[in-house]
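K.L.:
output the structure for:
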Amino acid sequence: MSDLKNIFDIAGRGMSAQMLRLNTVASNLANARSVASSEAEAYRAIKPVFSTLYADDLQKSGVASVDVVDIVAVDRQPDKVYQPGHPKADAQGYIYTAAVDTEEEMVEML
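P.N.:
Down below sits the predicted model:
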């Protein structure tokens, strides 16, 4: 019976990690067309960082699972677009669009 518990625990952890990964993709896609009045306020895509968890007796059982270590912002600069009539334009007439690559996010969703 302990083998089944391990199987379900491993599957559950894997599904939780996938759910978190898909939630970050959904958040990125939802904010992909957002604009801000400064570079600091602009949305940046986020990505989860995973780590492998090994069982104490890995040599005997071969059991490994996954854990989410962190969620980090992608190091990508937002685009600066000249739109002086936009309500969020800064004093120079620029807005900053979200630093999200929608094509990359769609592939990440697969």
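K.L.:
what is the burial count for Glu103?
P.N.:
7 (other CB atoms under 10 Å). All C-beta spots, glycine's among them, are computed from the backbone N, C-alpha and C.
K.L.:
so how far is Ser65 from it?
P.N.:
31 Å (CB to CB, to the nearest Å).
K.L.:
which of the helices or strands spans Glu104?
P.N.:
Secondary structure assignment for Glu104, by DSSP states H and E: helix 102-109.
K.L.:
what does that helix contact?
P.N.:
21-22, 25, 28-29, 32, 45 (CB atoms under 8 Å, 6 or more residues apart in numbering).
K.L.:
need the buried ones from these selected in ChimeraX.
P.N.:
Buried members of the contacts of helix 102-109, defined by 16 or more other CB atoms under 10 Å, are picked up in ChimeraX with:
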select :21,25,28,29,32,45
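K.L.:
specify which member of the contacts of helix 102-109 is nearest to Asp75.
P.N.:
Nearest to Asp75 among those: Ala45, at 9.8 Å, using CB to CB.
K.L.:
list the contacts for the closest one?
P.N.:
Counted by CB under 8 Å, 6+ apart, Ala45 has contacts 28, 73-74, 76, 98-101, 105.
K.L.:
so which of the residues you listed are in helices?
P.N.:
Counting by DSSP state H, the part of these found in helices is 28, 105.
K.L.:
now which of the contacts of Ala45 would you call buried?
P.N.:
Among those, those buried by neighbour count (16+ other CB under 10 Å) are 28, 98-100, 105.
K.L.:
so where's this protein uncertain?
P.N.:
Applying pLDDT under 70 to the chain flags residues 1-5, 55-62.
K.L.:
and the helices in it?
P.N.:
With DSSP H, the ranges of helices along the chain come out as 2-30, 58-61, 102-109.
K.L.:
so can I have a markdown table of these showing distance to Asp90?
P.N.:
What follows is these, written out as a markdown table (distance: least, CB to CB, whole Å):
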| stretch | distance to Asp90 |
| --- | --- |
| helix 2-30 | 24 |
| helix 58-61 | 54 |
| helix 102-109 | 24 |
